[in-house]
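Student: Here is a sequence with its predicted model. Questions after.
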Amino acid sequence: MAPPCKVLMVAEKPSIALSIASVLSHGQMSTRRGVTEVHEFDIMFLGFHAHCRVTSVIGHVFSVDFPASYQDWTATDPLNLFQAPILKTESNPKAHIQRHLSQESRGCGYLVLWLDCDREGENICFEVIECTGFHVKEAKERVYRARFSSVTEKDILKAMDNLVEPNKDEALAVDARQEIDLKVGVAFTRFQTSYFQGKYGNLDSRVISYGPCQTPTLGFCVQRYLQITTFKQEKFWTVHPYIIKNGYDLQLEWERQMLFDLNVATMFQKLVMEDGLLEVIDISEKQESKGRPCGLNTVNLLKVASSALGFGPQVAMQLAERLYTQGFISYPRTESTAYPSSFDFKVTLNEQISNPLWGDHVQRLLVEGYQKPRMGTDAGDHPPITPMQSATEDMLAKDAWRLYQYVCQHFIASISPDCKFVRKKVQFKVGGECFHCVGQHVTLEGFTSIMPWLAVNEKRLPQFTIGEKIEVSNVELYEGNTEPPDYLTESELISLMEKNGIGTDASIPVHINNICERNYVQVQSGRKLVPTALGIALIRGYQYIDPDLCLPEIRSFIEHQITLVAKGQADHVRVVQHVLQQFKNKYSYFVKQIENMDVLFEAQFSTLADSGRVFSKCGKCLRYLKYISARPSRLYCGTCEEVYYLPQKGTIKLFKELTCPLDNFELLIISMPGPEGKSFPLCPYCYNSPPFEGIDTLFGGTQSGSSVKPGKGAGMPCSLCPHPTCRHSLVTQGVCACPECSGTLVLDPVSAPKWRLNCNKCNCFVMLPQGAHRIATTQERCSECDSAIIQVDFNKKTTPLEDGATLYVGCILCDELLHSLVEVKHGKSFFKGLGTRGRGRGTRRGGFRGRELPSGKRIDPKMSFRDF
DNA sequence: GCAAGGTC
C-alpha cells in the first residue's frame, strides 16, 4: 500500500493552529515544539487517509524594504525612492519561520492555508506558499485555502468541507499597499528629517517622520488644538425662571436656550417677570431605553481603557495579552462585536457566579434567564473579548485586575436587560415665552447595575396638570461664556481613527505611540493629547503647502485604489505606478514649497548656529565646533556650516587636546553608559567621512559604538582606523583578535587604573593588570602569535615583579605572567562553548584584521584567547 | 534613523 499522503496546514498564529488541530483531530494529536508548535494526527482528507501537520507562522513572514544601495541617506535622493526596486526580507530573521515552513513542508503533498480571513491573511497565504515551495508543484491541485468565519468547531469543519483557492488579487492589494506606504513614508521622512535637522538644533526628535497613517493621526490632534486657539469666546445670556411646587425648587429651561444680545435677553426677562404666572401647556411621558452594549472588541476596549481606566492603548494591549495567555480572558484582538451562534453564555456566566462584586447579578441572570445579545457586527475573526476563568482581585496585579474587571462587567452587561426609564417633559408658557423641565424615572436598571457609570440619573418632578397656573418665584438672567472644546482625548482619537479608516485595531496603538515618541504630541492628565510646537509646525506646514498630506482622506485614497486590485478590477502594477506617480508629484511640490513650512520652524526652533555649546576645534577653520545635545547629538561648525554626527549612545568628552593627523580635528572620547561601558576615541571628521577608501566594507560593515550612519561609510572611530602611525589608530592600539567575534581587541586609552582592552566590534573586553601606572602597546610583535607586545609599568606597591621592579614587557597570550593577570569579560559563550565551537572559528581567528594591514601578512590562527 | 501591517 502506498504511504499515506501528508498534508501541511498553516495558521496565522500558534493559538489558531492549536484550535484547528484540536477540532480536526478531535483532540487526538501529538504536539512537538518547533519554531512554532507542530500538531500531528491522521484524518480523512479529500477522501483519502492522510497524515496531517498543523503549524503556524507568527504574522507576516516577510516585510518590504529598499535594497542596501538605497539605504544611505546622503547618497540617495528621496525622489528616486519612488522608482526604486523593493525587496521582501524575512520580518524576523531570528525566528527562522521560512526555514521552519520549508522543513515542515518536506514530504507533504498538500498545503492547506488557514490564515486569517482578511486581506493580510490572504497575503500571508502567498508568503507561506513561497516558503514551502508549493508554487513549483501543481499548485491548483495541491494548495487549498480554508475560509472560516470564526474559530469554532462548526466553522472549522465547514471550511474543511469547502476548501477554495487562495485569492491572488487580495494578496496583491496588500503588496501594493506595502510598496506605496514604504515609498511615500520613507521619501517624505528622509527629506523632512534631513532638511530640518540640517538647520535646527533643538528639534528634540531624532526623526521627523511622515506616514499616511501617523500624519493624519497627528492632524486630528492639531486640528483640535487649532480649534481651541482660534476659539473666540462669546458672552451669552439665558432666562431661567424658578418655581416652587410641592416642596420641589425647580429651575426651568428656556426654549430659546440662549441669546447673544444682552438687551434682547433682558427684554425677555422683563416680559417673564411682568407676567409672573406660568401656565402648564403640555405634559408628555415617553418610555425610553438605554441599550446594553454589544460584545466587546479591541477598539472599544482600548477606548474604555484610556478614558475610564487611564491606560494608554499600548499598556492596555499588554495587559490584555497577559490576561489572555494566563487564561483569564479570550483572545483580545478582534474586530467583531457579535457573538458566534455557538457561544456558550451559561458556561461563561457560571465562571463568574461566585464573584463577590457581581456574583449576585450573574446568579439572577442564570435563574431568570439572560438576554440575547445585541446583533453587533461579525468581522469573521475572533469572538468578542469575554472573561474565561474567574479571577479575584488578589490573583492579579492591580492594573490587570481593573482591565479584567471591565471585561467581565462588559460581558455581563451585554446579556443583561436594557435600562428602561420614563422621561417626562412639562412645558410652560409665561410672558409669551416657552420653558420646560424634564424628569427621569428609572423603571429597570438592567445592565446599568453592572456598569453603574452609565446609569440614568433619577430626576423627580412634582405633579402638574395641564392648564395649571404657577407663580414664578424668581427670574434669573444667567450670563455665561461659550467655551472652547478641550484637547482631543486618546479615546476620541481612537474613535476618529476608526471612523476614518486610519490604521487597524492592532496598529492604532502603534500610530498613537509613534506621534508621542516623535514628540509631536504629549499625553497629559486625563489622557488628553496636546500637540507640541513640532507637531503643530508640521501640520500647519502641510495645511499651507498641500493639505491632502495630513487629511484622513489620504489613507482612504490608498485603500480605495488597492481595493480595485483586491477585486480584480485593476492591475496591481499599474495601480501602484499610478498612486506613486501622484505621490511623487506631491513630493516634488512639497520639496519646492518647503520654505513655507520652514517659516513655521524658524519661529519655534533655534538654528544650529544658535544652538549647543562650544566644544572642540574644527580642523578646517580652527574655530570651535558646537556640541548639540538634542537628538541626534552632533557637532556643528558655524563657520563651515557643516554638521558632524556623533554616536547616539554614551557621553562625550574632549580627548586631552589631541588632534587627528589626517584632518586636524580635535579628538573626542566616547564613553558608553554602565560600569562596564567601554570608551573609545574618535575624530568627528573621520567618523563622518572615513578617510580610507573601502573602510566600510573592510570591517564587515558592522561597526562598534555607532548607532548612527549619517553618510557613506560613516561611523569610523579611531579603533577602526587603519592609519599606520597615529597613536590612536587600530593599527597602533590593537593587540590581538577578539575571542568572540571577528573584531580586534584594542587598548582603551582612558581606562586607567582599571586597564582594559575593548573589542572594536562586540561587547567583549579583557581586563589587564589592575592598578598599573601605565600600559601601552609597543611596535614589537610576539614571535609566537603575532600579538602586539605590551609594556606595563606596574605600581611600586603592588608589582608582581621580583625586587620591586615595575617595568615589564610581554605578550598577553604567550607570556605566563601577563597571561595570569588578564581576564576575559562579557565573553558569554566563551568558556562554555570552547569544545564544540572549533568549526569555522579558525578562519575568523586567523583574520587578525587591522593588524594585518600594515604588514600585510597573515597571522597564525592559534593566536587568540582560547587557552584561557 | 525612514512606513504600515501582521503577531509575541
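Tutor: Now that the structure is in, tell me what you want to look at.

Student: use CA for all of it now, contacts and neighbours both
Tutor: Fine.

Student: Show me the helices in the stretch 51-200 of chain A, by range?
Tutor: Assigned by DSSP state H, counting those that start in this stretch, the stretch 51-200 of chain A shows helices spanning A:78-81, A:97-104, A:119-132, A:139-142, A:153-161, A:168-197.

Student: I meant to write the stretch 651-800 of chain A there.
Tutor: Ranges of helices within the stretch 651-800 of chain A are A:684-688, A:695-698, A:730-733, based on DSSP H, counting those that start in this stretch.

Student: From A:E476, how far off is the residue positioned nearest the centre of chain A?
Tutor: Per CA atoms, centre = their mean, the C-alpha nearest to the average position across chain A is that of A:V510, at 3.9 Å. According to CA to CA, to the nearest Å, A:V510 and A:E476 sit 51 Å apart.

Student: Kindly report the same for A:H578.
Tutor: 64 Å.

Student: ok so, going back, just so I know, which of the helices of the stretch 51-200 of chain A lies nearest DNA strand B?
Tutor: helix A:168-197 (3.6 Å; CA to the nearest atom of the strand).

Student: List the buried residues of whichever helix or strand comes after that closest one.
Tutor: Sequence order places helix A:214-229 as the next helix or strand after helix A:168-197, per DSSP states H and E. By neighbour count on 16 or more other CA atoms under 10 Å, the buried set for helix A:214-229 is A:Q214, A:T215, A:P216, A:T217, A:L218, A:G219, A:F220, A:C221, A:V222, A:Q223, A:R224, A:Y225.

Student: when you check DNA strand B, which of these turn up near it?
Tutor: Among the buried residues of helix A:214-229, the residues within reach of DNA strand B (CA under 7 Å from any atom of the strand) are A:Q214, A:T215.

Student: Can you say which two of the buried residues of helix A:214-229 are spatially most distant?
Tutor: Farthest pair in those (CA to CA) is A:Q214 and A:Y225. Separation: 16.8 Å.

Student: what about the residue of the stretch 551-700 of chain A at minimum distance from DNA strand B, neighbour count?
Tutor: In the stretch 551-700 of chain A, the residue that lies nearest DNA strand B is A:P632 (7.1 Å; CA to the nearest atom of the strand). By other CA atoms under 10 Å, 21 other residues sit near A:P632.

Student: Over to it: give its phi and psi.
Tutor: Backbone torsions of A:P632, given as degrees, to the nearest 10, read phi -80, psi 130.

Student: what about the closest residue to it other than its chain neighbours, how many residues close to it?
Tutor: The shortest distance from A:P632 to any non-neighbouring residue, by CA to CA, 6 or more residues apart in numbering, is to A:R206 (5.2 Å). For A:R206, the count of nearby residues is 16 (other CA under 10 Å).

Student: I'd say A:R206 and A:R634 touch.
Tutor: No - using CA atoms under 8 Å as the test, A:R206 is too far from A:R634 to be in contact (11.3 Å).

Student: Which positions in the stretch 101-250 of chain A make contact with DNA strand B?
Tutor: Contact residues (CA under 7 Å from any atom of the strand) of the stretch 101-250 of chain A with DNA strand B: A:116, A:120, A:178-179, A:181-182, A:184-187, A:189-190, A:193-194, A:197, A:206-207, A:209-215.
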